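Trainee: predicted model follows, preceded by the sequence.
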Amino acid sequence: MSDGLVRLLDGNTFVVSEETGDIDASPTIPTGFFSFDTRFLSKWILSINDDRVNALTVEEVEYFESRMVVVPTLPAPLVDIGVSAIRDRSIGGSFTEQLTVINHEPKPVDLRIRIDVDSDFADLFEIKDVRNKSGTYYTQVDGGRLRLGYQREAFCRETLVSSTVPARVDEQGLTYHVRLEPHGQWTTNLHVQALGLGGRDLRESLEGRPGRSRAQIRQDLADWLAQAPRLTCDSPTLGMTYRRSLADLSALLYAPLTGGGHAIPAAGLPWFMAIFGRDSILTSIQALPFAPDLAATTLHQLIVRQGAVLHDFREEEPGKILHELRYGETTAFEEQPHSPYYGSADSTPLFVILLDEYERWTGDATLVRSLERAGRAA
């Protein structure tokens, strides 16, 4: 059963919207454009001649791209649709939407097309536990682009919105005045970037390289499916289920900043697209027959942050395996202990179990011996 939401994701960068494609977030509902535990868009609303749109169809093409067909009037059996719009969107480091508006009438139409834009820059933990922000918001109209920003001391996050078709840009969004000829159409590409300190791409500023493009994500998915064991059977349904299960697992892969491009399983959208010791380990164990490399990467990533000292706030102890790692504002200012947090009873023993199961399934004793010190510490 659908919950009325459409989700696109690329690691810990993701969009959750209504089926119309609109984002109209409340402080407590995790809809919006998120990256590294911060919400960069809390409002993204399309209107045509001041009417908000209604969904006709929604096609989730892959986990990183979707298509929504919408109309500015409530569809009814005896009402002709004069104008419709197609919202083709994708995620891949940043958020892109191709907006196409179509005139179905045999006469020209004049349209006011508007995108209302805003961001509360909420930390994911602030959405779950509403609090007042301590930093300063700012908005700039910059060379036909809209820049929304938030700064608290050295913690800075910005949302930059641009359009391939010139728009009238104000501090609340973008407006287009369009005349469509009979059965004509109009298209613009909207690009939303998540930026960090100095106006640099957030992932590039943290990791030293930009996020993946949509073409790269598609190629990575194709490579992932090609490397998995092939299933041959008489049931098309079983074959389709197997392929979809592999694609869904690929959707949950997350490349940590220290991973060198290698991915581990995250715990789930929207709250838990992050490194989670227990969840990453359990998924890696279950995927051993199909994708044993996940286990190897998970083991390596967890020992990078294996506990080394006694730290009461983070519940860290020497040898302990982390529970969770976050990058948001509340973690940066130690309002939450997730930098990383070690308060888990099961991550550490599960790490030892994964080490043993990896060797049993793969026979890769060399890797296990190289991790002996970490295993004994756990």
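Mentor: Done, it's in.
Trainee: which residues in the stretch 101-250 of the chain form helices?
Mentor: 124-128, 202-207, 214-227, 236-251 (DSSP state H, counting those that start in this stretch).
Trainee: which stretch among those helices comes nearest Asn103?
Mentor: helix 214-227 (28.2 Å; CB to CB). Yep, even glycine has a C-beta here, placed from its N, CA and C like the rest.
Trainee: circling back to that earlier point, mean neighbour count added to the helices of the stretch 101-250 of the chain, as JSON lines?
Mentor: Putting the helices of the stretch 101-250 of the chain into JSON lines (neighbours: other CB atoms under 10 Å) gives the following:
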{"stretch": "helix 124-128", "mean neighbour count": "20"}
{"stretch": "helix 202-207", "mean neighbour count": "18"}
{"stretch": "helix 214-227", "mean neighbour count": "14"}
{"stretch": "helix 236-251", "mean neighbour count": "14"}
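Trainee: in CSV: the ones you listed, plus distance to Phe272.
Mentor: Shown next, in CSV, are those (distance: least, CB to CB, whole Å):
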stretch, distance to Phe272
helix 124-128, 9
helix 202-207, 19
helix 214-227, 20
helix 236-251, 13
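Trainee: so where's the protein uncertain?
Mentor: Where the chain drops to pLDDT under 70, the residues are 1-2, 27-28, 75-79, 130, 205-210, 258-260.
Trainee: ok, the nearest residue to Glu359 once chain neighbours are set aside - contacts?
Mentor: The spatial neighbour of Glu359 that comes closest, neighbours along the chain excluded (CB to CB, 6 or more residues apart in numbering), is Val368 at 4.6 Å. Contacts for Val368 (CB atoms under 8 Å, 6 or more residues apart in numbering) come out as Leu355, Tyr358, Glu359, Gly375.
Trainee: and the end-to-end length of stretch 309-323?
Mentor: Stretch 309-323 has an end-to-end distance of 16 Å (criterion: CA to CA, to the nearest Å).
Trainee: buried set for that stretch?
Mentor: Buried positions in stretch 309-323, judged by neighbour count with 16 or more other CB atoms under 10 Å: Arg314, Glu315, Glu316, Gly319, Lys320, Ile321, Leu322, His323.
Trainee: then stretch 171-190?
Mentor: Those would be Gly173, Leu174, Tyr176, Val178, Leu180, Trp186, Thr188, Leu190, for stretch 171-190 by 16+ other CB under 10 Å.
Trainee: tell me which two in those are the farthest apart.
Mentor: Gly173 and Leu180 (20.7 Å).
Trainee: quick one on the thing from earlier: now the buried residues of stretch 171-190 as JSON lines including distance to Ser163?
Mentor: Output for those, formatted as JSON lines (distance: CB to CB, whole Å):
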{"residue": "Gly173", "distance to Ser163": "11"}
{"residue": "Leu174", "distance to Ser163": "6"}
{"residue": "Tyr176", "distance to Ser163": "8"}
{"residue": "Val178", "distance to Ser163": "12"}
{"residue": "Leu180", "distance to Ser163": "17"}
{"residue": "Trp186", "distance to Ser163": "12"}
{"residue": "Thr188", "distance to Ser163": "5"}
{"residue": "Leu190", "distance to Ser163": "5"}
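Trainee: between these, which sits nearest Glu334?
Mentor: Nearest to Glu334 among those, with distances taken as CB to CB, is Gly173, at 35.4 Å.
Trainee: what's the helix or strand for the residue nearest to Glu359?
Mentor: helix 365-370 (DSSP states H and E).
Trainee: how far away is Thr20 from Thr31?
Mentor: Distance, Thr20 to Thr31, by CB to CB, to the nearest Å: 12 Å.
Trainee: hmm, I typed the wrong one, I wanted Asn54.
Mentor: Distance of Asn54 to Thr31, computed by CB to CB: 17 Å.
Trainee: so between these two, which is more surrounded?
Mentor: Thr31 (24 against 13; other CB atoms under 10 Å).
Trainee: for the more buried one, give me its contacts.
Mentor: Contacts for Thr31 (CB under 8 Å, 6+ apart) come out as Leu5, Val16, Ser17, Glu18, Ile23, Asp24, Ala25.
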